[in-house]
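> curious how this folds, go ahead:
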Amino acid sequence: MYRLKPELFALNYTLDCGQVFRWEREGDWWTGVVGDQVIRLLQDNEQLVVDSKLPPEFFSRYFRLDDNLHSIYESINRDLLIDRAIHNYRGMRLIRQDPWECLISYMLATASSIPTIQKRIYLLSQFLGQELETGYFSFPDPETLANADPSTLDKCKLGFRTQNIKTAAEEVASGELDLDVLFRLEYKYARERLMRLRGIGEKVADCVLLFAFEKMEAFPVDTHIRQIIQHYHIDDSYFETCTNMSCMGDWGREYFGHYCGYAQEYLYYQKRVEGFVQLY
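Below you'll find the predicted structure:
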């Protein structure tokens with residue numbers, strides 16, 4: 001166990017904002033599975049208490065502590081709404097997730113609540129992963145998931161997503177989909193490639209690219225973000241001829257700039273926690 005003192009970091013907001021699904025809170029402690037490690041974290045004032053064998057460098061990368069949040073805030077702070085979100089949830093950071101696990105997790109997230117997503121991921125890991133500690137399991141690798149017996153997948157309660165998940169695993173396992181290549185592709189081409197997978201639309205592709213592939217210009221548009229735009233920004237002249245989800249994503253990139261993905265997460269979390277807020 002050791003302590004870190006990261007600058008401008010809020011553990012609770014970062015792990016609670018809905019971007020990652022394998023962390024659970026009990027009291028002040030968070031417990032999560034990352035790769036083949038069970039990790040326990042606590043933030044005590046400005047210090048991060050770490051109960052893990054992983055080195056400090058891992059957490060610096062995982063929690064994107066290399067991101068200059070002060071600069072990011074300046075670049076995305078365009079109006080009273082995002083200003084309020086930045087002020088209230090200051091220190092929330094995006095997480096660098098494992099690309100494979102992130103891909104499958106967000107394919108499981110379609111038309112689902114966060115608790116349901118977490119349950120599916122837990123079952124998938126329980127039946128197809130390796131037990132790390134009592135009740136904690138690693139996420140199954142592509143080969144294991146690709147070759148999983150249908151009866152086992154049925155136990156994971158994936159519903160209509162089952163075949164899509166299995167097909168994605170087969171493509172990754174065979175090398176037809178090389179996840180490493182997505183890092184090197186420009187955002188729009190990486191997005192197009194992901195959307196060739198059945199079960200991945202614009203929103204899921206943008207989530208995966210933002211949280212796992214360093215595409216800060218991804219601006220996922222879900223129900224919360226659509227409602228925010230329609231409530232606060234629909235008078236923008238941009239929407240005179242553009243009202244669909246795809247156009248809203250383009251608007252987000254144009255309005256907030258390169259780090260629009262950060263803006264999206266702050267707005268999403270504020271809406272989820274507080275609903276529509278009064279600005280005046």
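> residues of the helix or strand hosting L182 that come out buried?
Using DSSP states H and E, L182 sits within helix 179-184. With burial defined by 16 or more other Cβ atoms under 10 Å, the residues of helix 179-184 counted as buried are L179, L182. Every C-beta, even on glycine, is put in place using the N, C-alpha and C of the backbone.
> which SSE is immediately downstream of that helix?
As assigned by DSSP H and E, the chain's next helix or strand after helix 179-184 is helix 187-194.
> which parts of whichever helix or strand E265 is part of are buried?
Following DSSP H and E, one finds E265 within helix 260-274. By 16+ other Cβ under 10 Å, the buried positions in helix 260-274 come out as C260, G261, Y262, A263, Q264, E265, Y266, L267, Y268, Y269, Q270, K271.
> then stretch 162-173?
With burial defined by 16+ other Cβ under 10 Å, the residues of stretch 162-173 counted as buried are T162, N164, I165, K166, T167, A168, A169, E170, E171, V172, A173.
> poorly predicted segments of the stretch 101-250 of the chain, please.
Along the stretch 101-250 of the chain, the model assigns pLDDT under 70 to residues 243.
> which residues in it form helices?
For the stretch 101-250 of the chain, helices defined by DSSP state H, counting those that start in this stretch occupy the ranges 114-128, 142-146, 150-155, 162-174, 179-184, 187-194, 202-212, 223-232, 245-256.
> now these in CSV, with distance to I39?
Listed next are the helices of the stretch 101-250 of the chain as CSV, based on distance: least, Cβ to Cβ, whole Å:
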stretch, distance to I39
helix 114-128, 15
helix 142-146, 22
helix 150-155, 27
helix 162-174, 25
helix 179-184, 23
helix 187-194, 28
helix 202-212, 18
helix 223-232, 28
helix 245-256, 31
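> closest to F63 among the buried residues of stretch 162-173?
V172 (25.6 Å; Cβ to Cβ).
> name the nearest residue to the closest one, ignoring sequence neighbours.
Counting by Cβ to Cβ, 6 or more residues apart in numbering, V172 lies nearest to P142, which is 4.1 Å off, once chain neighbours are set aside.
> next one: the one you found from E171, what distance?
For P142, the distance to E171 equals 9 Å [Cβ to Cβ, to the nearest Å].
> how about K119?
25 Å.
> for L153, same thing?
With distances taken as Cβ to Cβ, L153 is found 17 Å from E171.
> thinking again about what came up before, which single one of the buried residues of stretch 162-173 is nearest to Y280?
N164 (44.8 Å).
> wait, that closest one touches R198, no?
Yes - in this structure N164 lies within contact range of R198 using Cβ atoms under 8 Å: 5.1 Å.
> between the two ends of stretch 197-205, how far is it?
10 Å (Cα to Cα, to the nearest Å).
> other residues contacting that stretch?
Residues outside stretch 197-205 that contact it (Cβ atoms under 8 Å, 6 or more residues apart in numbering) are 106-107, 109-110, 161, 163-165, 167-168, 171, 177, 191, 194-195, 208, 218, 220-222, 245-246, 249.
> list the residues that contact I39.
Applying Cβ under 8 Å, 6+ apart to I39 gives the contacts T31, G32, V33, V50, D51, S52, L54.
> meant to ask about L132
Contacts here follow Cβ under 8 Å, 6+ apart; on that basis L132 touches V33, D36, Q37, V38, S138.
> what do you get for F256?
The contact partners of F256, by Cβ under 8 Å, 6+ apart, come to S75, I76, R78, I82, F219, A263, Q264.
> read off the pLDDT value for it.
On pLDDT, F256 comes in at 97.
> before we move on, what about N45?
For N45, the model assigns a pLDDT of 87.
> what's the local residue count around it?
6 (other Cβ atoms under 10 Å).
> could you measure it against F9, distance?
Distance from N45 to F9, counting by Cβ to Cβ: 11 Å.
> for G35, same thing?
Remark: distance between G35 and F9 (Cβ to Cβ) = 21 Å.
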